[in-house]
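S.K.: After the sequence you'll find the predicted model.
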Amino acid sequence: AVVSTQSTGHTTGVNAVSWAPSHPSGTTLDPSTKDYDVISKRFASGGGDNLVKVWKFSDEKNAWEMEAELKGHNNWVRDVAWAPDTGFTTSTIASCCQDGKVFIWQCKDLDKANWDIKRTMHTFDDVVWHLSWSVMGDILAVSGGDNKITLWKESHKGAWICISKQDTNKTN
């Protein structure tokens, strides 16, 4: 069992954490392949220091180490959501911020930890509180200070499209 504390998470508090899929993107779950036993011990965190951080467990040191520091937000990161493994070779994290922005981060090779902002998915009119990926990893649910829940899907051209909107201010 991995039991460890991380005392140097974020300088002004940790607001959110999200586990990485247990197998890195692009690996197969076929027991006859060499990557079958590869288990990813990673998670992402978001904090009041405007950062998203990616952490990896070091078996050699028996400790969590910061693997990447993702910069781009201009205010508190309120939530992070690591997308489920969809069979593609890219890992994806969504993050949302006090300033209403939702970023989509991607990494093609976790061993190199080269994360890039793929795009600003959307800028909302109010703070964005929470994010959640669908089980298939193709739809992102977003909720915020405007009391709305929106569902977003990436088009084949790479644009994010709102496919559903639920206004919680209205009664049915």
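M.R.: It's in. Numbering: from 1, shown residues only.

S.K.: drop to CA atoms for contacts and neighbour counts, all remaining ones
M.R.: OK.

S.K.: what sits against the nearest residue to T12 once chain neighbours are set aside?
M.R.: Nearest residue to T12, sequence neighbours excluded (C-alpha to C-alpha, 6 or more residues apart in numbering): G48, at 5.1 Å. Residues in contact with G48 (C-alpha atoms under 8 Å, 6 or more residues apart in numbering) are H10, T11, T12, G13, V14, N15, N75, W76, V77, R78.

S.K.: mind running it again at 10 Å?
M.R.: Shown in contact with G48 (C-alpha atoms under 10 Å, 6 or more residues apart in numbering): 10-16, 75-78, 97-98.

S.K.: Correct me if wrong: S18 contacts R78.
M.R.: No: assessed by C-alpha atoms under 10 Å, S18 is found out of contact with R78, at 11.9 Å.

S.K.: neighbour-wise, which of these two wins?
M.R.: R78 (27 against 18; other C-alpha atoms under 10 Å).

S.K.: confidence score at that one?
M.R.: For R78, the pLDDT comes out at 97.

S.K.: and the helix or strand containing it, what other elements does it pack with?
M.R.: Remark: R78 resides in strand 77-82, with elements defined by DSSP states H and E. Counting contacts by 3 or more C-alpha pairs under 10 Å, 6 or more residues apart in numbering; DSSP states H and E, strand 77-82 packs against strand 14-19, strand 42-47, strand 51-58, strand 91-97, strand 101-107, strand 128-133.

S.K.: Run the angle between the longest one and strand 14-19 for me.
M.R.: Following axes from the mean of the first three to the mean of the last three C-alpha atoms, to 10 degrees, one obtains 50 degrees for the angle between strand 51-58 and strand 14-19.
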